[in-house]
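Enquirer: just a sequence and a predicted model for now, questions to come.
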Amino acid sequence: MNDTKIDLSKYHNSLSRRHQIIRLLWGIVWGLLARPLPRSLGLGWKRTLLRLFGAKIHPTAVVYSSAKIYFPRNLIMDAYSCLASDVDCYNVDVIHIGANTTVSQGAFLCTASHDVTNSLNPLITAPILVEDQAWVAADAFVGMGVTIGQGAVVGARAAVFKDVEPWTVVGGNPAKFIKKRIIKE
């Protein structure tokens, strides 16, 4: 067993006290004023609450009441984008959801992790971009720094740790190429 002592006095939370207070207030506001609403009611109200806390939300974007948004100021949603029920949007860094894009129920978008090369495991972050016409299916995980290309599909329960090429379908853990996405019109 390794008896190495770690000097915890060198560790500091990289998120400011102000950031923590805003998150606390946000949690209270969303919990009281949005979560109790049925998912199809109050869409404009939910967008208004998100905007009050700094989110950039297109007037046609949809956020379900049960979605969890960690820090609204780091959320950008374009036209006709959707965060479905029980999506966990852990946006310590920016998450940008493109136009005509759906993030389905239970998906987890995670912009933060910890530096495992440092014994204090400090917080590290990187943005997530889900481009236009993409679909992140149910219970999928998208890790920090990932870009889901235009028109790409991340299959249900997939775990994505690397960029996904445009107009491809990926699945599995870790996510692997399944096929090209071809649109029949």
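Expert: Here it is on my side, so go on.

Enquirer: tell me the contacts of the closest residue to residue 35 other than its chain neighbours?
Expert: Of all residues not flanking residue 35 in the chain, residue 65 sits nearest, at 5.1 Å (Cβ to Cβ, 6 or more residues apart in numbering). For glycine as for every other residue, the C-beta is placed from the backbone atoms N, C-alpha and C. Residue 65 makes contact with 34, 35, 36, 37, 38, 39, 42, 46, 85 under the criterion Cβ atoms under 8 Å, 6 or more residues apart in numbering.

Enquirer: per-residue pLDDT, residue 65?
Expert: Predicted confidence (pLDDT) for residue 65: 93.

Enquirer: returning to what we had before: residue 128: which of the contacts of residue 65 is nearest?
Expert: Nearest to residue 128 among the contacts of residue 65, counting by Cβ to Cβ, is residue 85 at 19.3 Å.

Enquirer: neighbours around that closest one, how many?
Expert: 13 (other Cβ atoms under 10 Å).

Enquirer: same question, residue 22
Expert: 16.

Enquirer: surely it and residue 74 touch.
Expert: No - with contact defined as Cβ atoms under 8 Å, residue 22 does not reach residue 74; the gap is 11.1 Å.

Enquirer: looking at this, residue 51 is in a helix?
Expert: Yes - using DSSP: H, G, I helix; E, B strand; the rest coil, the secondary structure at residue 51 is a helix.

Enquirer: what sits against it?
Expert: Counting by Cβ under 8 Å, 6+ apart, residue 51 has contacts residue 57.

Enquirer: look up how far residue 45 lies from it.
Expert: Counting by Cβ to Cβ, to the nearest Å, the gap from residue 51 to residue 45 is 11 Å.

Enquirer: which single helix of this structure contains the most residues?
Expert: helix 17-33 (DSSP state H).

Enquirer: taking the contacts of residue 65, please make a ChimeraX selection of just the buried ones.
Expert: Buried residues within these, by 16 or more other Cβ atoms under 10 Å, are selected in ChimeraX with:
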select :34,42,46
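
Enquirer: ok, the contacts of residue 65 vs residue 135, which is closest?
Expert: The closest of the contacts of residue 65, once distances to residue 135 are taken by Cβ to Cβ, is residue 85, at 15.3 Å.

Enquirer: look up phi and psi at the nearest residue to residue 127 once chain neighbours are set aside.
Expert: Nearest residue to residue 127, sequence neighbours excluded (Cβ to Cβ, 6+ apart): residue 94, at 4.1 Å. Residue 94 has phi and psi values of phi -70, psi 140 when expressed as degrees, to the nearest 10.
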